[in-house]
Each structure stands twice: as C-alpha cells, then as structure tokens.
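>>> the following comprises the amino acid sequence and a computationally predicted model.
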Amino acid sequence: MFLIFSGCLPQAIQPTPSILPSPIPLPHINTISPQSGLSGTKITITGSGFGAVQEQSLLILERGDDKIFEGEIITWSDTTIDARVPQLMKDTYQVFIIVNGIQSNEVEFKLQVPSSCPQCAR
C-alpha cells in the first residue's frame, strides 16, 4: 500500500530561525598597571570578558618554575580587576585570569624587592 500526498500551499514555508545562545566572551587582558612593583603593590588589570562578578574566577601569578599563586582581589568587574600582589620572591611572573574554567592571555609582572631586604632576592 502506498500513500501519496500532493497539494499546493498558498505561500512558501519559511524556515524557523534557530535560536543559538550567545557565545561566552573569552577573557582577554589588555594591560596590567604597574608592570613591576613590590609584594603588596596594588595592580590594575584591564581587558574584557572577566565577568561582572568574581564568583569562582581567579587571578593567577605564575613564576618561571611553574609555581602558581593567587592575587588578592580588591574589586572585580567585566573590564577591570584591582588586586594586591601577594608576598612572593623577586622574579618575573606571568599574570592571567581564569573565568569559568577558561584561561586568558598572559601579561608580565616583575616583582622587585625593597632595598632594605637583600635576602628577599634569594
């Protein structure tokens, strides 16, 4: 048994537009200011896609030997993060953020030691 349907529609069928969720913007750091300083220095990171609130997001400083440290967040917005550099050894650190499990690009911060603390440079 075969069924055949035939007919004409008064107008063409329009495809239903698919509703796709907006892509989540990737976190991107444009600048870090200052680019060097002592432990405890307040730094400002500007960019985009940080998220309006910090929630589970992190600010990370990574030393050359792959040890990582968290920055102390003061304020967090989608485009600006203010934080304090933790007590760390003199070195050059790669700074990045992690938002919803997604890592941003890296920027460099050079940690200096105060002249009154020569043993801190070790």
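That came through fine. Everything numeric in this text was worked out from a predicted model, so none of it was measured.

>>> now His28. Nearest residue, chain neighbours left out?
With CB to CB, 6 or more residues apart in numbering as the criterion, His28 has its nearest non-adjacent residue at 4.9 Å, and that residue is Gly47. All C-beta spots, glycine's among them, are computed from the backbone N, C-alpha and C.

>>> which helices and strands does the helix or strand where that neighbour lies pack with?
Using DSSP states H and E, Gly47 maps to strand 42-48. Applying 3 or more CB pairs under 8 Å, 6 or more residues apart in numbering; DSSP states H and E, we find strand 42-48 packed against strand 28-33, strand 80-84, strand 91-99.

>>> rerun that using 7 Å as the cut-off
Helices and strands touching strand 42-48, by 3 or more CB pairs under 7 Å, 6 or more residues apart in numbering; DSSP states H and E, are strand 28-33, strand 80-84.

>>> off-centre distance for the helix or strand following the longest one?
When you say that, I think you mean strand 28-33. For strand 28-33, the following helix or strand on the C-terminal side (DSSP H and E) is strand 36-37. Relative to the mean C-alpha coordinate of its chain, strand 36-37 is positioned 20 Å out (CA atoms, centre = their mean, to the nearest Å).

>>> which residues are contacting strand 36-37?
For strand 36-37, contacts defined as CB atoms under 7 Å, 6 or more residues apart in numbering pick out 85, 109-110, 112.

>>> what is the nearest of those residues to Pro23?
Phe109 (29.5 Å; CB to CB).

>>> what is the neighbour count of the residue nearest to Ile73 when sequence neighbours are not counted?
Nearest non-adjacent residue to Ile73, counting by CB to CB, 6+ apart: Ala83, 5.2 Å away. Ala83 has 22 neighbours, counted by other CB atoms under 10 Å.

>>> the one 4 residues further on now?
Residues within reach of Gln87, counting by other CB under 10 Å, total 11.

>>> so who does the nearest residue to Ile68 once chain neighbours are set aside touch?
Once flanking residues are discounted, Ile68 sits nearest to Glu62: 4.9 Å by CB to CB, 6+ apart. By CB under 7 Å, 6+ apart, the contact list for Glu62 reads 68, 93-94.

>>> Pro25 now?
48-49.

>>> please tell me how far it sits from Leu111.
30 Å (CB to CB, to the nearest Å).
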